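Undergrad: Return atomic coordinates for the entry below.
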Amino acid sequence: MDTMIVTGGAGFIGTNFVRHALAHTECRVVVFDKLTYAGNLCSLAEVNDDSRYAFVEGDIADRETVERLFREHRPTRVVNFAAETHVDRSIDDPRPFVFSNLVGVYELLETSRRFLAELDEAARERFRFLHVSTDEVYGSLGPQGLFSETTPYAPNSPYAATKAGADHLVRAYFKTYGVPALITNCSNNYGPFQYPEKFIPLALLNLAEGKTVPIYGDGSNVRDWLYVEDHCAGIQLALERGKPGEKYNIGGSNEHTNLEVIDHVCAALEAILPASENPVLVKQGIAAYSFLKKFVQDRPAHDKRYAIDASKIRRELGWTPAHDFASGIERTVRWYLEHRDWCEEVQSGKYRRERLGLKTDGR
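TA: Numbers count the residues shown, from 1 in each chain. Okay, the predicted model is just below:
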């Protein structure tokens, strides 16, 4: 049986991918996660009884721990989700992003290189290292155009810069050492198990609780939105059919301004939990969720527009997303309303949806 190590498998995309891998492959899945604020074992509670699932706590930047992980579990697949991901937090403190996103990827690659040297030719042929990255490495688009796999890198935040550096390391380890590595660059993900600091879960939870929703600047920044289950299906295809040394952009072809996203969330909430039946809103005399929108100071270096050209993965690997934005948002809103206990558990007093990303003065 093949063994797949999934780093960062207790985080948002990682936990969704673990479910996908267990449902759609015969692999044994070993989750390796540091369990920072955004990673929580309660997100994996549903797979605890699966005999093909195992969990190991550890940091990808700790070489000794990573080497022990490889020795004990002998992976044929490594999928790296482990990263610090929140742009606002990278503005407040870039240091954890450098260690996790750059040093950590280096340690994973170096351990993979040494591990491969010990394998026979057949085992080396089966091995794959897939690094999950972001469209933010490409910088900001104007009103026209799409990010392709050949778009030059131009990261504008500390988060994006560390992810860009990691992408370059992955490419270099393929070119220099022959590590059979692939890169996927995705657009903005949304869906179940996303930590409530991110835009969509923060917005829908605030709205449901009768709290204002912060909208940066004038709300005109555009993102391409990808339902997380569609992203996981694309990653699995890249693992199975992708060519080492290649990169694949995965995007939902769902471009929306931030203001439009909030309007979609408001509409979905109204359909599922009408404002007139939400006791929190009724008590405050708020007749519609849209009344809770609040424009706030924009964050520094806020990229204007991202949009992915996913034609390569569609054409070469046969990937197509199964969800449009309206159905994805409806599923997402319903999931969060039905899993308030999960939301409370993962926040656990560490984060209460306060504003981040304003510390640019060194304090």
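Undergrad: Tell me which residues touch the nearest residue in space to residue 219 that is not next to it in sequence, please.
TA: Ranked by CB to CB, 6 or more residues apart in numbering and with sequence neighbours excluded, the top spatial neighbour of residue 219 is residue 259, at 3.3 Å. The way it works is simple: take the backbone N, C-alpha and C, and place the C-beta from them, glycine included. Taking CB atoms under 8 Å, 6 or more residues apart in numbering, we find residue 259 in contact with 215, 218-220, 293.
Undergrad: tell me which residues of the longest helix along the chain are tucked away?
TA: Longest helix in the chain by number of residues (criterion: DSSP state H): helix 158-177. Using 16 or more other CB atoms under 10 Å as the test for burial, helix 158-177 gives 158-167, 169-170, 173-174.
Undergrad: ok, residue 331 - how many residues close by?
TA: By other CB atoms under 10 Å, 16 other residues sit near residue 331.
Undergrad: can I assume it is in contact with residue 191?
TA: Yes: Residue 331 is within contact range of residue 191, at 7.2 Å (criterion: CB atoms under 8 Å).
Undergrad: any residues in contact with both of those two?
TA: Joint contacts of residue 331 and residue 191 (CB under 8 Å, 6+ apart) are residue 227.
Undergrad: What is the neighbour count of residue 254?
TA: Residues near residue 254, counting by other CB under 10 Å: 24.
Undergrad: my read: it touches residue 325, true?
TA: Yes: with contact defined as CB under 8 Å, residue 254 reaches residue 325; the gap is 4.1 Å.
Undergrad: Identify the contacts common to these two.
TA: Joint contacts of residue 254 and residue 325 (CB under 8 Å, 6+ apart) are residue 225.
Undergrad: Let me see the ranges of the strands in the chain.
TA: With strands called from DSSP state E, the chain shows them at 3-7, 28-33, 53-57, 77-80, 128-134, 181-186, 188-190, 213-216, 222-227, 247-250, 255-257, 293-296.
Undergrad: Relative to residue 205, which of those is closest?
TA: Ranking the strands of the chain by their distance to residue 205 (criterion: CB to CB) puts strand 213-216 first, at 9.5 Å.
Undergrad: Next, the contact list for residue 24, please.
TA: residue 236.
Undergrad: State the mean pLDDT of stretch 332-351.
TA: Stretch 332-351 shows a mean pLDDT of 86.
Undergrad: where are the low-confidence patches of the protein?
TA: Judged by pLDDT under 70, the chain has its weakly predicted residues at 348-363.
Undergrad: Just the buried ones from the contacts of residue 259?
TA: Counted by 16+ other CB under 10 Å, the contacts of residue 259 give 215, 219, 293 as buried.
Undergrad: Switch the residues you listed over to CSV; also include distance to residue 91.
TA: Output for those, formatted as CSV (distance: CB to CB, whole Å):
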residue, distance to residue 91
215, 18
219, 19
293, 23
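Undergrad: With residue 260 as the reference, measure out to residue 294.
TA: For residue 294, the distance to residue 260 equals 16 Å [CB to CB, to the nearest Å].
Undergrad: ok, those two, which is more surrounded?
TA: The neighbour count for residue 294 versus residue 260, taken as other CB under 10 Å, is higher for residue 260 (16 against 11).
Undergrad: Next, work out how far apart that one and residue 41 are.
TA: 35 Å.
Undergrad: same question, residue 250
TA: Residue 250 sits 27 Å away from residue 41, going by CB to CB.
Undergrad: for this protein, which residue is closest to the average position?
TA: With distances taken as CA atoms, centre = their mean, the residue of the chain nearest its centroid is residue 13 (4.7 Å).
Undergrad: Let me see the backbone angles for residue 309.
TA: Backbone torsions of residue 309, given as degrees, to the nearest 10, read phi -90, psi 100.
Undergrad: In contact with it: list those residues for me.
TA: Contacts of residue 309 by CB under 8 Å, 6+ apart are 146-148, 249, 251.
Undergrad: try 10 Å this time
TA: Neighbouring residues of residue 309 by CB atoms under 10 Å, 6 or more residues apart in numbering: 145-151, 224, 249, 251, 253.
Undergrad: Residue 198 touches residue 38, doesn't it?
TA: Yes: the criterion here is CB atoms under 10 Å, and residue 198 meets it with residue 38 at 9.3 Å.
Undergrad: what about these two, which has more around it?
TA: residue 38 (26 against 18).
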